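In: need a 3D model of the sequence below.
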Amino acid sequence: MKVSEQQAPIIIKKGKHGHGHHGGAWKVAYADFVTAMMALFIVLWVLGQDQKVIESVAGYFKDPIGFTEKIRAISAGNVESLHFQVDSVIIKEQLRELEIQRLENLGESLKEELKQNPEFQELADQINIEIANEGLRIELTESMENVFFEVGTANLKPNATRIIQQIAVNLQKLPNKIIIEGHTDSRQYINGAKGYSNFELSSERANATRRTLVSAGLEPNKIDEVRGYADTRLRDPNDPFSAVNRRTSLIIKFATEAPE
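Out: Now for the predicted structure:
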């Protein structure tokens, strides 16, 4: 071999470890950990209070409805009763904050999960997730380019079906009840005089979503309400015919009672 000849480069191939991409799953585990820690702090706080506060907390968890009625029945002029009532409000506020945090973390995890799936990337921006008055709202909003239902029908598009099925997997993990809402724009049917209107269409779309959730594994008894609002709650009132008014909402209801 000649001295001037260059040796062929040595290529070392490193094997890939099969860890894969975990997506947003770690966020759910982290959220559970944070929730557990906050619950621990509440327990420690309760244990540091007097016996009446401890009994009030125990009473709330044993019978939330009866406990609330008892609070309302307590006389406002009694100082001890006022102390009892204030403590119960603080407890309810802490529990609601815990649940809001958990639902927010779930929403963030779901957003990331959908964005990382190449199949859903072009529709990810049309899925809005936020805390609302009744709970966590997951809203599928149509656009001029992408729709979730075939025009004028309650037939879900294939990609919309798969998104709802993916959402169902996440909802099944929660004990919360679910509300499903259907919304349309203000375009009216030509044969509206025969009785079929946007109210029927919005209700049928909400029910089509319900059936898809259940077929994907969501327990039927978790569905609390199915609502059809037609065009009575427009997202863009200035443009009643805008595509953003056509949407389906899934609301994960708060399980804890709101403080009064």
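
In: domain map for the chain?
Out: 24-116, 119-260 (automatic domain parsing).

In: just send those domains back as JSON lines, with mean pLDDT and mean neighbour count too.
Out: Using the backbone N, CA and C atoms, a C-beta is placed for each residue, glycine as well. Formatted as JSON lines, those follow (pLDDT from 0 to 100; neighbours: other CB atoms under 10 Å):
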{"stretch": "domain 24-116", "mean pLDDT": "67", "mean neighbour count": "15"}
{"stretch": "domain 119-260", "mean pLDDT": "91", "mean neighbour count": "17"}
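
In: just the helices in the stretch 151-260 of the chain please.
Out: 158-171, 198-215 (DSSP state H, counting those that start in this stretch).

In: how about the ones you listed in TSV, adding distance to residue 101?
Out: As requested, the helices of the stretch 151-260 of the chain are exported to TSV (distance: least, CB to CB, whole Å):
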stretch	distance to residue 101
helix 158-171	16
helix 198-215	24
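
In: out of those, nearest to residue 252?
Out: Nearest to residue 252 among the helices of the stretch 151-260 of the chain is helix 158-171 (6.8 Å), distances taken as CB to CB.

In: list the contacts of residue 240.
Out: 185, 186, 231, 234 (CB atoms under 8 Å, 6 or more residues apart in numbering).

In: do residue 144 as well
Out: Contacts of residue 144 (CB under 8 Å, 6+ apart): residue 243.

In: distance check, it against residue 201.
Out: Distance of residue 144 to residue 201, computed by CB to CB, to the nearest Å: 19 Å.

In: same check on residue 254?
Out: Remark: distance between residue 254 and residue 201 (CB to CB) = 29 Å.

In: strands - which of the contacts of residue 240 land there?
Out: Judged by DSSP state E, the contacts of residue 240 include no members of strands.

In: re earlier: the helices of the stretch 151-260 of the chain: which one's closest to residue 258?
Out: Residue 258 lies closest to helix 158-171 among the helices of the stretch 151-260 of the chain, at 21.3 Å (CB to CB).

In: the closest one packs against which elements?
Out: Contacts defined by 3 or more CB pairs under 8 Å, 6 or more residues apart in numbering; DSSP states H and E place helix 158-171 against helix 79-116, strand 135-141, helix 198-215, strand 247-253.

In: out of the ones you listed, which comes closest to residue 156?
Out: Using CB to CB, the nearest of these to residue 156 is helix 198-215, at 5.7 Å.
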